[in-house]
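Chemist: what shape does this take:
(chains A and B)
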Amino acid sequence: MEELSQLLKVRREKLQAIREAGVNPYPYSFERTHKASQIFDGFDSFTENETVALAGRISAIRKMGKASFCHITDDSGKIQLYIARDIIGVENYQIFKKLDIGDFLGVKGYVFKTKTGETSIHADSIELLSKNIRPLPIVKEKDGVLYDAFADKELRYRKRYLDLIVNPEVKKTFITRSKIISALRKFLDQNEFLEVETPILQPIYGGAAARPFETHHNTLDMKLYLRIADELYLKRLIIGGFEKVYEVCKNFRNEGMDKTHNPEFTAVEFYWAYADYNQAMDFVEELIRFVADEAVGTQKFHFRGFDVDFSQKFARESMSDLVKKHGNFEILDATEEELYAFCKSKNIEVEKGLNYGQLVDEIFSEVVEPHLIQPTFVIEYPKAISPLAKTHRNGDDRIVERYELFIAGKEFANCFSELNDPIDQRNRLEEQSKLRDAGDEEAHPVDEDFLEAMEYGMPPTAGVGIGLDRLIMLMTNNDSIKDILLFPQMRPSNE
RNA sequence: GAUUCGGUAGCUCAGCUGGUAGAGCAGCACCCUUUUAAGGUGAUGGUCGACGGUUCGAAUCCGUCCCGAGUCACCA
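Modeler: Numbering: from 1, shown residues only, chains lettered A, B, ... in the order given. Predicted coordinates for the structure are as follows:
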């Protein structure tokens, strides 16, 4: 047992003293009649004859000789209590004097306003509901200015519960996160999509280009991967006869971490039989407007220093037109040598030995992406980087029916007219397999079971993936993914 | 991975060119029955991220490592 610091010792001594006074510091329940916000909202309807009962965590305390004030905070807000010795009794007042910020307190009393006009509860009785034995960060505030704010990012991420207790705007962000995901479900449900769950532990990973986490199942004695995407399972369900399915999907990718990448993150993917990527564009546009409206109540957002507006029709431009517009270069007829030459002329650093598709992708990221501020569907991608998408119906064999949605220079959604020709699909995955053998750790492995499923017949289908963390960052104006994940991945601290 | 900045009391921070650790808030004792960054008086509180080195002496200088943030690179 570590030596307790003086502060911790004092709290434990208080706890002991409370027990010795015959008070259980951890009772079982408390009947509430109101939450804090209801007292403020309904102030005029309360009289001194009406007893209300509230409970919450003590968030501020001002002790005086024979009467004191404190604030308690519940999930609706905070409210002040007035606690006078002559009303609650000498013994109870002694107990109250031992309480700290961080303790949970129940109160019964009547509603009144202090002489400075603050709506408060005049306590008839108080009840300790849980004693805190470790001091909370103390944040004070006057006229909207915070003093001693709990601001250390490392501590905030590692001890998110403290962040939530003392930083109300953090709590708000996570409430909005929850609303966004629930609005998304509502929209998909209303459009008759069926929510499904597919395996997180997969014998073969696929559906995206990424390096996986590996694990091991003891009974089966086999290697399993944490999914990098649920795409191939959702397509099996389309093959199985579900016509509209979706999954809110935790994905795991064993790659670098930074402001926009956490090893586990949340996406939604949905698959829509008999539809193509054009219909899926209209649908995603509607979806985003619905979610914005339902969860945040606006179509205008500020993100990464840009103002974006969802109320205008989203732009739709082909990848090659965009490179022409921003780079004055024609990618469709370019050879790999010409693409390399273009990169050099624009000072774009690229590795040796990239193929056509990878080079185009590089050029697009450098030359075009920073310009895509208002929502823009970028359409017609090179086939080489889209092994699960259908060749374009216009007959151009180099491109596929695919779009990505860009907002504020970042990608938010990815969609294909899904490839459903089993022989073409096998060829494309075998191409990927060659890239793997050549050392591309992110190329897709061949999933024989998936290919076999497709051989039984898959309807024409549109498939969409949306990165929810990014959407949440945008809609809550946070530039770091760590600020919209309750428990972002951190190295263990050695404290 | 490269690079910059940072890690000192529960929280927020100061402590520069080496002389043995400081403030505010919190906590503790006493006073205080409408306060609200409550107030007053007093006494406390530290493995200065870790380990080495230089030195009579290291929070401070040097080295290695750990943790975080920012930027860049990589990465859907």
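Chemist: break chain A into its domains for me.
Modeler: Dividing chain A into domains by automatic domain parsing, as the record does, gives the ranges A:2-136, A:172-314+A:374-483.
Chemist: first vs last residue of the longest one, how far apart are they?
Modeler: Put plainly, it is domain A:172-314+A:374-483. Domain A:172-314+A:374-483 stretches 11 Å from its first residue to its last (CA to CA, to the nearest Å).
Chemist: so does stretch A:375-386 get close to RNA strand B?
Modeler: No: using CB under 7 Å from any atom of the strand, no contact is recorded between stretch A:375-386 and RNA strand B, whose separation bottoms out at 8.0 Å. C-beta: built from backbone N, CA, C; applies to glycine.
Chemist: and if you look at stretch A:90-106?
Modeler: Yes: applying CB under 7 Å from any atom of the strand, one finds stretch A:90-106 touching RNA strand B at A:Lys98, A:Asp100, A:Ile101.
Chemist: residues contacting the closest residue to the first one other than its chain neighbours?
Modeler: Distances taken as CB to CB, 6 or more residues apart in numbering place A:Lys14 nearest to A:Lys98, at 4.6 Å, with adjacent residues excluded. By CB atoms under 8 Å, 6 or more residues apart in numbering, the contact set of A:Lys14 is A:Lys98, A:Asp100, A:Lys131.
Chemist: tell me which helix or strand the second one sits in.
Modeler: Which is A:Asp100. Secondary-structure assignment from DSSP states H and E places A:Asp100 in no helical or strand segment.
Chemist: now do it, the pLDDT please.
Modeler: The predicted local distance difference test score for A:Asp100 is 94.
Chemist: wait, A:Ala84 sits on A:Phe69?
Modeler: No: counting by CB atoms under 8 Å, A:Ala84 stays clear of A:Phe69, with 10.1 Å between them.
Chemist: now do the contacts for A:Lys98.
Modeler: A:Lys14, A:Ala17, A:Ile18.
Chemist: C-alpha coordinates for the helix or strand that contains A:Asn251, CSV please?
Modeler: In this assignment (DSSP H and E), A:Asn251 forms part of strand A:244-252. Extracted as CSV, the C-alpha positions of strand A:244-252 are listed here (Å, rounded to 0.1, in the frame of the first residue of the first chain):
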residue,chain,number,x,y,z
LYS,A,244,-31.0,-2.7,-47.2
VAL,A,245,-28.6,-3.3,-44.3
TYR,A,246,-26.4,-1.1,-42.2
GLU,A,247,-24.0,-1.4,-39.3
VAL,A,248,-22.5,1.2,-36.9
CYS,A,249,-19.1,-0.3,-37.0
LYS,A,250,-16.1,-0.1,-34.8
ASN,A,251,-13.1,-0.7,-37.0
PHE,A,252,-9.5,-1.4,-35.9
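Chemist: which other helices and strands contact it?
Modeler: For strand A:244-252, the contact count by 3 or more CB pairs under 8 Å, 6 or more residues apart in numbering; DSSP states H and E identifies helix A:168-190, strand A:194-195, helix A:231-239, strand A:264-273 as packing neighbours.
Chemist: distance of the residue nearest to A:Thr266 when sequence neighbours are not counted from A:His122?
Modeler: With sequence-adjacent residues excluded and distances taken as CB to CB, 6+ apart, A:Thr266 is closest to A:Leu468, at 4.5 Å. Shown here: A:Leu468 relative to A:His122, a distance of 46 Å by CB to CB, to the nearest Å.
Chemist: just checking, A:Met475 touches A:Thr176?
Modeler: Yes: here A:Met475 reaches A:Thr176: they are 6.7 Å apart, a contact under CB under 8 Å.
Chemist: who has more neighbours, these two?
Modeler: A:Met475 (23 against 17; other CB atoms under 10 Å).
Chemist: and the stretch 101-250 of chain A, which of its residues are near RNA strand B?
Modeler: Proximity of the stretch 101-250 of chain A to RNA strand B, by CB under 7 Å from any atom of the strand, involves residues A:101, A:112, A:114-118, A:120, A:122, A:135-142, A:147-155, A:157, A:208-210.
Chemist: so what strands line up beside the lowest-mean-pLDDT helix or strand in chain A?
Modeler: Lowest on mean pLDDT, DSSP states H and E among the helices and strands of chain A sits strand A:145-147, with a mean of 80. Looking at strand A:145-147 with DSSP bridges, its paired strands and their directions are strand A:140-142 (antiparallel).
Chemist: for the strand it pairs with, buried residues please.
Modeler: Buried residues in strand A:140-142, counting neighbours by 16 or more other CB atoms under 10 Å, are absent.
Chemist: how about low-confidence regions in chain A?
Modeler: By pLDDT under 70, the weakly predicted segments of chain A are A:1-4, A:494-495.
Chemist: list the residues that contact the residue of it most remote from its centre.
Modeler: Distance from the C-alpha centroid of chain A peaks at A:Asp86, with 50.1 Å (CA atoms, centre = their mean). With contact taken as CB under 8 Å, 6+ apart, A:Asp86 is in contact with A:Lys66.
Chemist: you'd agree it is in a strand?
Modeler: No: counting by DSSP: H, G, I helix; E, B strand; the rest coil, one finds A:Asp86 to be helix, located in no strand.
Chemist: tell me how far it lies from A:Phe69.
Modeler: When CB to CB is the yardstick, A:Asp86 and A:Phe69 sit 15 Å from each other.
Chemist: same deal with A:Asp258?
Modeler: Between A:Asp258 and A:Phe69 the distance is 46 Å, computed by CB to CB.
Chemist: who has more neighbours out of these two?
Modeler: For the pair A:Asp258 and A:Phe69, the greater number of neighbours falls to A:Phe69 (16 against 10), based on other CB under 10 Å.
Chemist: I'd say A:Arg236 and A:Glu452 touch.
Modeler: No: between A:Arg236 and A:Glu452 there is no contact, the gap being 10.1 Å when judged by CB under 8 Å.
Chemist: these two: who's more crowded?
Modeler: Comparing A:Arg236 with A:Glu452 by neighbour count (other CB under 10 Å), the higher total belongs to A:Arg236, at 19 against 11.
Chemist: list the contacts of that one.
Modeler: When contacts are taken as CB under 8 Å, 6+ apart, A:Arg236 is in contact with A:Phe450, A:Ala453.
Chemist: switch to 6 Å and redo it
Modeler: A:Ala453 (CB atoms under 6 Å, 6 or more residues apart in numbering).
Chemist: run the chain-centre distance for whatever helix or strand comes next after the least confident helix or strand of chain A.
Modeler: Read in the C-terminal direction, the helix or strand following strand A:145-147 is helix A:153-158, with elements assigned using DSSP H and E. Remark: helix A:153-158 is offset 17 Å from the chain centroid, using CA atoms, centre = their mean, to the nearest Å.
Chemist: alpha carbons only: can I get helix A:153-158 in CSV?
Modeler: Output in CSV follows, covering the C-alpha atoms of helix A:153-158 (Å, rounded to 0.1, in the frame of the first residue of the first chain):
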residue,chain,number,x,y,z
LYS,A,153,-4.7,17.4,-22.1
GLU,A,154,-2.9,14.3,-21.0
LEU,A,155,-4.8,14.2,-17.7
ARG,A,156,-8.1,15.0,-19.4
TYR,A,157,-7.8,12.1,-21.8
ARG,A,158,-6.5,9.6,-19.3
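Chemist: which parts of it are buried?
Modeler: For helix A:153-158, the neighbour count (16+ other CB under 10 Å) marks A:Arg156, A:Tyr157, A:Arg158 as buried.
Chemist: ok, and the closest non-adjacent residue to the last one?
Modeler: Right, A:Arg158. Closest to A:Arg158 by CB to CB, 6+ apart is A:Met490, at 5.9 Å.
Chemist: returning to that earlier point: export the helices and strands packed on strand A:244-252 to CSV and append columns for distance to A:Ile385.
Modeler: Putting the helices and strands packed on strand A:244-252 into CSV (distance: least, CB to CB, whole Å) gives the following:
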stretch, distance to A:Ile385
helix A:168-190, 27
strand A:194-195, 30
helix A:231-239, 15
strand A:264-273, 18
